[in-house]
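In: Would you be able to build a 3D model of this:
(one chain, ligands or ions: 1)
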Amino acid sequence: MAGIGPLSGYKVLDFTQFESGTVCTETLAWLGAEVWKVERPVKGELGRYSVEEPSVDAVGFVILNMNKESITCNLKDPEGLRLIRKLVEQVDVVVENMGPGSMDKLGLGYEDCKKLNEKIVYAQIKGFGTDGPYAEYPAFNPIAAAVGGMPAVTGQPGEMPVQSGLNIADSGAGYMCALSVIAALLQKEKQGIGQKIEVAMQDVVIGFGRSNWEPYYRTGKPPKRVGNGMPLEDVAPAGMYACKPYGENDYVHIYCSRHPGSKQFENLCNVIGRSDLIEDTRFKTPRSRYLYKDILNPIIEGWTREHTKQDAMDILCRADIPAGAVFDCDDITKDEYLRRRGTMVEIEHSKRGKLVIPGFAPRMSENHVEYRLSPELGSYSEKVFKEYAGLSDEDYEALKAKHII
Ligand SMILES: CC(C)(COP(=O)(O)OP(=O)(O)OC[C@H]1O[C@@H](n2cnc3c(N)ncnc32)[C@H](O)[C@@H]1OP(=O)(O)O)[C@@H](O)C(=O)NCCC(=O)NCCSC(=O)C(=O)O
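Out: Now for the predicted structure:
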């Protein structure tokens, strides 16, 4: 079922698992491509498995595999492989994020697929570049984050490096991969060529950290961990301030610009009823405010503690002071605006009931994403194998009985 959307008409053969690759193919599916997710017979993709409820797809799987179709095939069986190779001939795109070398071993590497379909766009995600010393290394999100420089700049000063609570390496690699697939499809249209796309999660994380090279070159040293501050030790206020009713996530982050001419700190002083601080020599420049931050921060927090995080954010932002309440999953799920906007999408799962989960972030005037639940394991096998791989009813049933499909 091709969706309506900019990529409608394109077919993607999807060998992705867990988060990084699945984000890529889900993005393509949301944009209208027809995505056939190839899974192991019986068990399916490992990400389907839910530890607490093994008979029901994990919520994580549902979140990462919307708008796709599932076909099952044992890729290590010669007959299964033959069928999949027939599909390779007919699709526009292959995406995979198996361990290093797995696709080549199966006979489904880029060179194999190119022989079957010269103009194939073949995208792969690995933890590391395939041309270097780490080519054979496996990688989950925190591994790629570590070698991409993320924990080195995250955490409290003088304490151990800390991982981000967001899977930036995974989802970031998925988005970058989708972006390059779309670019490659445009190039194919213009120049009539296919290509191989290689996304290394390490490279993607390094890109997310690009602003750290500013302090690196300015000081000649790797930027230190600064907790909730900014990597340059010359800006304040920049941090978290406690709010009512003082729960785990009752904080607002306030960050005033360090750029000359900015009125944000002045505005902040006025809003918190401390206009006297504007002329105080200790707080005249971002750098001096940084040096006296241990005096300044409790004054600001004296004000935030009188407000909820939401009120603090609203009051401050309306006075042109950048401030963000610390929203957690519960806040975001219950936020009616985000639901209305489509940032959070409500879907009905036959076994789990109503789920409210993140959708496609951009809004496009000519593309409205129609969300569909992640597929049941193998729900599209029959259609695809009969229509595109030429299986007769008899052969289909025989292969199914042998768990090859
Ligand atoms: C994530 C991994 C570390 C997981 O490693 P593993 O659990 O060892 O899985 P692998 O992918 O290496 O191996 C899977 C094996 O299953 C086989 N396989 C897969 N599908 C099939 C089907 N349909 N039929 C038969 N066999 C199959 C495949 O050929 C491999 O066999 P053999 O070749 O014979 O072993 C690795 O896949 C990896 O480094 N991927 C690239 C980087 C990446 O995308 N990482 C982010 C994941 S998301 C993430 O971090 C997160 O969600 O958290």
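In: Minimum distance to the ligand, which residue of the stretch 151-300 of the chain gives it?
Out: Relative to the ligand, the nearest point of the stretch 151-300 of the chain is Asp170 (4.7 Å; Cβ to the nearest ligand atom). For the C-beta atoms, the positions are set from N, CA and C on the backbone; glycine is no exception.
In: pretty sure that residue is touching Gln17, no?
Out: No: taking contacts as Cβ atoms under 8 Å, Asp170 lies outside contact range of Gln17: 11.0 Å.
In: So if I had to pick from the two, which one is more boxed in?
Out: More neighbours surround Asp170 than the other of Asp170 and Gln17, with 26 against 22 (other Cβ atoms under 10 Å).
In: Remind me which helix or strand that one belongs to.
Out: helix 168-191 (DSSP states H and E).
In: Quick check: buried residues in that helix?
Out: By 16 or more other Cβ atoms under 10 Å, the buried positions in helix 168-191 come out as 168-178, 180-182, 184-185, 188.
In: So Lys354 belongs to a strand, correct?
Out: Yes: counting by DSSP: H, G, I helix; E, B strand; the rest coil, one finds Lys354 located in a strand.
In: That one contacts Glu348, doesn't it?
Out: Yes: if you go by Cβ under 8 Å, Lys354 and Glu348 touch, sitting 5.9 Å apart.
In: follow-up on the earlier one: ok, and the closest non-adjacent residue to the residue of the stretch 151-300 of the chain closest to the ligand?
Out: Glu19 (3.8 Å; Cβ to Cβ, 6 or more residues apart in numbering).
In: where does the one you found sit relative to Gly207, distance-wise?
Out: Look at Glu19 and Gly207: by Cβ to Cβ, to the nearest Å, they are 18 Å apart.
In: more crowded one of the two?
Out: Between Glu19 and Gly207, counted using other Cβ under 10 Å, Glu19 has the larger neighbour count: 23 against 11.
In: Next up, phi/psi of that one, please.
Out: Main-chain torsions, Glu19, degrees, to the nearest 10: phi -110, psi -50.
In: so the one residue in the stretch 1-150 of the chain that gets nearest to the ligand, which of the three states?
Out: When Cβ to the nearest ligand atom is the measure, the stretch 1-150 of the chain has its nearest residue to the ligand at Gly99, with 2.2 Å between them. Here Gly99 is recorded as coil under three-state DSSP.
In: if I look at Lys402, how far off is Asp395?
Out: Lys402 is 11 Å from Asp395, by Cβ to Cβ.
In: which of these two has more neighbours?
Out: More crowded of Lys402 and Asp395, by other Cβ under 10 Å: Asp395, with 16 against 13.
In: In a helix, the more buried one, correct?
Out: Yes: note on Asp395: a helix contains this position according to three-state DSSP.
In: ok, it - contacts?
Out: Listed by Cβ atoms under 8 Å, 6 or more residues apart in numbering, the contact set of Asp395 is empty.
In: so what's it scoring on pLDDT?
Out: The per-residue pLDDT reported for Asp395 equals 96.
In: Near the ligand, which residues of the chain are found?
Out: 18-21, 38-40, 73-76, 97-99, 102, 105-106, 125-127, 138-141, 170 (Cβ under 6 Å from any ligand atom).
In: Tell me the buried residues within those.
Out: 18-21, 38-40, 73-75, 97-98, 106, 125-127, 139, 141, 170.
In: So which of those belong to strands?
Out: 38-39, 125-126 (DSSP state E).
In: so where's the chain shaky on pLDDT?
Out: Counting by pLDDT under 70, the chain shows low-confidence ranges at 1-3, 231-233.
In: how's it carved up into domains?
Out: Domains of the chain are assigned by automatic domain parsing as 11-207+337-401, 238-242+251-325.
In: Ends of the last one, what's the gap?
Out: When you say that, I think you mean domain 238-242+251-325. 13 Å (Cα to Cα, to the nearest Å).
In: Please state the offset of that domain from the chain centre?
Out: Domain 238-242+251-325 sits 32 Å away from the centroid of its parent chain (Cα atoms, centre = their mean, to the nearest Å).
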